[in-house]
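> need a structure here:
(2 chains)
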Protein chains: 2
Amino acid sequence: MEAVFGGVEGGGTKFVCMVGTGPDRVVDETRFPTTTPDETLGRIVEFFRRPRTGIRLAAVGAASFGRIDLDRASPTYGYITTTPKPHWANTDVVGTLHDALGVPIGWDTDTNGAALGEHRWGAGVDADPLVYMTVGTGIGGGAIVNGHPLHGLLHPEMGHLLVPTFDGDTFSGVCPFHGRCLEGVASGPALQARTGRAAQELPPDDPVWDLEAQYLAFGLLCISEVISPQRIVMGGGVAGQAGLIGAVRRHLVRLNAGYIIRPALVEEEGCAFYLVPPGLGSKAGVMGALELARLELEREEDERCPA
Amino acid sequence: MEAVFGGVEGGGTKFVCMVGTGPDRVVDETRFPTTTPDETLGRIVEFFRRPRTGIRLAAVGAASFGRIDLDRASPTYGYITTTPKPHWANTDVVGTLHDALGVPIGWDTDTNGAALGEHRWGAGVDADPLVYMTVGTGIGGGAIVNGHPLHGLLHPEMGHLLVPTFDGDTFSGVCPFHGRCLEGVASGPALQARTGRAAQELPPDDPVWDLEAQYLAFGLLCISEVISPQRIVMGGGVAGQAGLIGAVRRHLVRLNAGYIIRPALVEEEGCAFYLVPPGLGSKAGVMGALELARLELEREEDERCPA
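Predicted coordinates:
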């Protein structure tokens, strides 16, 4: 029997599930829309329980939208705790999967999962610290430091950095908490609210893209100054807009103003190796979830057999 | 012979040197003004070479102002590379100390050193990630993540976070690179330039302190969202101003707007355990330098005898 892992990438719109060990060994894959927790978790369990000849599921990793509880000492460890997504507050993801599947369940944020996937197999191999930033329906960031996903008081919430005003921008922002935080002014819904059009329908020469690039560059400079990552991977539906990443690099170099003296932050050519698109494309999150499964299995084995 | 360590805290104004192993065992200590590199490094060497009965210096750690080179693969590893401090650009600190003293030399930024000292013995014991922020002549931050000082592309430069405008503030900032970054609007020299008076001469009810608290709270919220530290220690001459830390806590809770749902960031009472003054007072940096010495000795021993 070949031991493989299960990966779950949980987003507010859809869930992706995979059986395999990484990009070179994908046994099975599925995706379905995010509905109620009962129905969605039921579909996950059904997918992983399907009989597959010669295959044994050794552990499952879940990388989830949130906010989520990552504190192993907490009674709500493994829960999605608070979220604007209807019905999903207080959902016990890890407990439900563990009870149904009987294997170790790895657990982290969607962006830490994507950071882990890119660090293991994608555009962030050998970069540590590595930051993964997603810009789409929401904005969020995760990080790998010393090989481990970054946690602390909670988990990184890089999408909610408060932002100054660029170009006399008077838009009040769409974040229900902060108004004008990064997600409030630069997410897909923010672009839609600003222009009345969906991001993917805005032409590449619309002036809103330069403003978008300035806000993203501001956030990425904050992150560069606080964590000093060796690389930043930027993914998500809005980030893939033609020309956007180049404009973000230009503004990142401009805002740094020569202060952090590294080619990555003083030249656009150097920045092209620093701020990069995902190597795994849209699979970073679910691949990272496979890696979360592997790490959790290792952790539980280490606990049983201390060195 | 008792094996002890040497610690050097290098600041733009003064250097502090210590022989010992930590707060409970200080053998000797000295401080002198920062003059030229030759003279200053000469005084450090002279201090550590003094004969002390029954004592053997096993390693020295240096926590320095900068910017500094922390990349062990770089030809300028151990240098202060670029700095506005006259004469100090391109100064080989680690090489000079190693050649003169013949012991392993640990090396990090002044703020990573202070973070390490507070993590080992001060207000940040058991907090990981831990951030140390200094607010004085300059503003800077260091961090400990998974027990190690945080490095990457360079080192954290948390003092140069770009800031929005609060209360219609029209001050253009004193940072030669960014104008209005955190150091540009909230350091000691910024307070002096705003008010014409030194920070320590400004009465506690001067309205500039509330503005100061807002900028610091903005920076600390950025750091909280990017690293998710379990605690932040805030030291330095300006940070010690009566009442300032309480005002910063109030604004930090206000700016978070209930988003990160942790007592540390939603209640002033909780924030009193999150944003704290240094447990080691002004000794955080030099104590951290002793710990840098110990870590470097361990590292070199591990390299000689791999497990």
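> the residue nearest the centre of chain A is in what secondary structure piece?
By C-alpha atoms, centre = their mean, chain A has its centre lying nearest to A:Thr111, at 1.9 Å. Using DSSP states H and E, A:Thr111 maps to helix A:110-121.
> let me see the mean pLDDT of that helix.
Across helix A:110-121, the average pLDDT comes to 98.
> do stretch A:246-261 as well
The average pLDDT for stretch A:246-261 rounds to 96.
> tell me the buried residues in that stretch?
The neighbour-count check on stretch A:246-261 (16 or more other C-beta atoms under 10 Å in any protein chain shown) flags A:Ala247, A:Val248, A:Arg249, A:Arg250, A:His251, A:Leu252, A:Val253, A:Leu255, A:Asn256, A:Ala257, A:Tyr259, A:Ile260 as buried. Yep, even glycine has a C-beta here, placed from its N, CA and C like the rest.
> now, which of those lie close to chain B?
Counting by C-beta under 8 Å from any C-beta of the partner chain, the subset of the buried residues of stretch A:246-261 that neighbours chain B consists of A:Leu255, A:Ala257, A:Tyr259, A:Ile260.
> hmm, back to that, export the helix holding A:Thr111 to CSV, keeping only CA atoms.
Taking Å, rounded to 0.1, in the frame of the first residue of the first chain, the C-alpha atoms of helix A:110-121 are listed here in CSV:
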residue,chain,number,x,y,z
ASP,A,110,-5.1,29.3,3.5
THR,A,111,-2.2,31.8,2.9
ASN,A,112,0.3,29.9,5.2
GLY,A,113,-0.7,26.8,3.3
ALA,A,114,0.1,28.5,-0.1
ALA,A,115,3.3,29.8,1.4
LEU,A,116,4.3,26.3,2.4
GLY,A,117,3.4,24.9,-1.0
GLU,A,118,5.5,27.5,-2.8
HIS,A,119,8.3,27.0,-0.3
ARG,A,120,8.4,23.2,-0.9
TRP,A,121,7.9,23.0,-4.6
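> now the element after it, going C-ward?
Note on helix A:110-121: by DSSP H and E, the next helix or strand toward the C-terminus is strand A:130-135.
> wait, does that next one contact chain B?
No. Residues of strand A:130-135 contacting chain B under C-beta under 8 Å from any C-beta: none, with a closest distance of 8.7 Å.
> pLDDT wise, what is the closest residue to the residue nearest to the centre of chain A other than its chain neighbours at?
Counting by C-beta to C-beta, 6 or more residues apart in numbering or on different chains, A:Thr111 lies nearest to A:Gly142, which is 3.3 Å off, once chain neighbours are set aside. Looking at A:Gly142, its pLDDT stands at 98.
> quick check: phi and psi on A:Gly142?
phi -130, psi 170 (degrees, to the nearest 10).
> you'd agree it is up against A:Pro156?
Yes. A:Gly142 is in contact with A:Pro156 according to C-beta atoms under 8 Å; the separation is 6.1 Å.
> now the common contact residues for those two.
The contact sets of A:Gly142 and A:Pro156 overlap at A:Thr109, A:Thr111, A:Asn112, A:Leu150 (C-beta atoms under 8 Å, 6 or more residues apart in numbering or on different chains).
> tabulate these (TSV), appending distance to A:Thr96.
Below are the shared contacts of A:Gly142 and A:Pro156 laid out as TSV (distance: C-beta to C-beta, whole Å):
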residue	distance to A:Thr96
A:Thr109	18
A:Thr111	22
A:Asn112	20
A:Leu150	26
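> among these, who's most crowded?
Highest neighbour count within those: A:Thr111, with 32 neighbours (other C-beta atoms under 10 Å in any protein chain shown).
> now do the strands in the stretch 51-200 of chain A.
A:55-64, A:79-80, A:91-92, A:105-109, A:130-135, A:139-145, A:148-149 (DSSP state E, counting those that start in this stretch).
> tell me the residues of the stretch 101-250 of chain A that contact chain B?
Counting by C-beta under 8 Å from any C-beta, the stretch 101-250 of chain A comes close to chain B at A:128-129, A:141, A:145-146, A:148, A:150-158, A:160-165, A:177-178, A:218, A:221-230.
> so A:Leu130 bridges to which residues?
Beta-bridge pairing of A:Leu130 under DSSP bridges involves A:Ile144, A:Arg231.
> next, the contact list for it, please.
A:Ala115, A:Glu118, A:His119, A:Gly124, A:Ala143, A:Ile144, A:Pro229, A:Gln230, A:Arg231, A:Ile232, A:Val233.
> surely the fourth one meets A:Gly142?
Which is A:Gly124. No. The pair A:Gly124 / A:Gly142 is not scored as a contact, 10.9 Å apart, by C-beta under 8 Å.
> now do the shared contacts for these two.
Counting by C-beta under 8 Å, 6+ apart, the residues touching both A:Gly124 and A:Gly142 are A:Ala115, A:Tyr132.
> so how far is chain B from A:Val60?
Between A:Val60 and chain B the distance is 25 Å, computed by C-beta to the nearest C-beta, to the nearest Å.
> how many residues are close by that residue?
30.
> can you give me the separation between it and B:Gly6?
51 Å (C-beta to C-beta, to the nearest Å).
> quick one: contacts for the nearest residue to A:Gly246 once chain neighbours are set aside?
In this structure, A:Gly246 finds its nearest non-sequential neighbour in A:Glu268, 7.8 Å apart by C-beta to C-beta, 6+ apart. Residues near A:Glu268 by C-beta under 8 Å, 6+ apart: A:Gly246, A:Arg249, A:Arg250, A:Val253.
> same question for A:Lys283.
If you count contacts by C-beta under 8 Å, 6+ apart, then A:Lys283 has A:Pro23, A:Gly117 around it.
> how about A:Lys14?
Residues near A:Lys14 by C-beta under 8 Å, 6+ apart: A:Arg31, A:Phe32, A:Pro33, A:Thr34.
> from the residues you listed, which single one is nearest chain B?
Relative to chain B, the closest of the contacts of A:Lys14 is A:Thr34; by C-beta to the nearest C-beta it sits at 21.8 Å.
> any idea how far that closest one lies from A:Val16?
From A:Thr34 over to A:Val16 (counting by C-beta to C-beta), the distance is 11 Å.
> more neighbours, those two?
Each of A:Thr34 and A:Val16 has its neighbours counted (other C-beta under 10 Å); A:Val16 has more, 20 against 17.
> did I read that right, that one in a strand?
Yes. Under DSSP: H, G, I helix; E, B strand; the rest coil, A:Val16 falls within a strand.
> can you list contacts of the helix or strand hosting A:Leu255?
Using DSSP H and E, A:Leu255 sits in helix A:244-256. With contact meaning C-beta under 8 Å, 6+ apart, helix A:244-256 is reached by A:209-210, A:212-214, A:216-218, A:220-221, A:224, A:234, A:238-239, A:265-268, A:271-272, A:275-277, B:162.
> try stretch A:161-169
The contact list for stretch A:161-169, computed with C-beta under 8 Å, 6+ apart, reads A:178, A:180-182, A:184-186, A:210-211, A:214-215, A:218-219, A:222, B:162-165, B:218, B:221-222, B:225-226, B:255.
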